[in-house]
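Enquirer: sequence and predicted model, in that order:
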Amino acid sequence: MAAGARLFPTLVLAALLQACTTIQLEPLPEGMTDQPPPGWADRTRQLSRFNQWELSGKLAVRQPTDSGTALINHWIQDGEAYDLALSSSFLGMGSTSLKGVPGFIELTLPNGDTYRSNEPEELVEAATGWQLPLENLVWWIRGLPAPGGDFRLLFDEQNQLAIIRQAGWEIRYDRWQDFLADYPELPARITALKGEKRVRMVIGQWRDLEKEQ
């Protein structure tokens, strides 16, 4: 593994820990704590290195203007690059492909039309009507706050991560599951809330692509 690849998780962890100390604090929900359980730093480090994976499941979006559901045929993550394939009858989306890296996205619609943008979330909303925080979801889906922004972590009475608050969103971890033997429990269902917008993801399968190579 190259030196840069080894250094990346360390830099990410340092950024996460630094940002965690700067967010404005609010009253804690009943039964929760913002004190990480023992081993949380090791867990964060391990999941930060887990950056070659594939998942499948379902996605549901509810917002004031419209709502809909989609199958996640696959979400393949290779470092910073993602390849997301959705299928939905909602608004005629059909089979929609989203490929990109931070700051760039290529979106292909069922009719073959392809659009590219340096504003991923704006392009997704323009093409589908859905507001998806894609670049943060890459982190939230693993149970990690996204780097580069303030956040707050809340843990339940079982020492499980229950909520991440970041970028105006509240990410609730509704269910965890042992998907992979070499990693801690991964999210099986999360709900991201922002105002009247809600994004729910149910994950049916995780795969470790690095181990399969």
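Expert: Noted; the coordinates are in hand. Residues are numbered from 1 along each chain as shown.

Enquirer: pull up the distance across stretch 149-169, start to finish.
Expert: Using C-alpha to C-alpha, to the nearest Å, the end-to-end distance of stretch 149-169 comes to 12 Å.

Enquirer: surely residue 127 touches residue 109?
Expert: Yes. The pair residue 127 and residue 109 qualifies as a contact (C-beta atoms under 8 Å) at a distance of 6.7 Å. Just so you know, the C-beta spots here come from the backbone N, C-alpha and C atoms, and that holds for glycine as well.

Enquirer: common neighbours of those two, please.
Expert: Common neighbours of residue 127 and residue 109 (criterion: C-beta atoms under 8 Å, 6 or more residues apart in numbering): 96, 115.

Enquirer: quick one: which of the two has more around it?
Expert: Each of residue 127 and residue 109 has its neighbours counted (other C-beta atoms under 10 Å); residue 127 has more, 19 against 16.

Enquirer: so where does that one fall, helix or strand?
Expert: Assigned by DSSP states H and E, residue 127 belongs to helix 120-128.

Enquirer: packing partners for that helix?
Expert: Judged by 3 or more C-beta pairs under 8 Å, 6 or more residues apart in numbering; DSSP states H and E, helix 120-128 is in contact with strand 94-101, strand 104-108, strand 114-117, helix 134-140.

Enquirer: report the mean per-residue pLDDT for the longest one.
Expert: Put plainly, it is strand 94-101. On average, the pLDDT along strand 94-101 is 90.

Enquirer: just to revisit the earlier point, give me whichever of the helices and strands packed on helix 120-128 is most buried.
Expert: The highest average neighbour count among these, using mean count of other C-beta atoms under 10 Å, belongs to helix 134-140 at a mean of 20.

Enquirer: and the end-to-end length of stretch 175-189?
Expert: 5 Å.

Enquirer: contact partners of that stretch?
Expert: Applying C-beta under 8 Å, 6+ apart, the contact partners of stretch 175-189 are 43, 46-47, 50, 141-143, 160, 173-174, 200-203, 205-208, 211.
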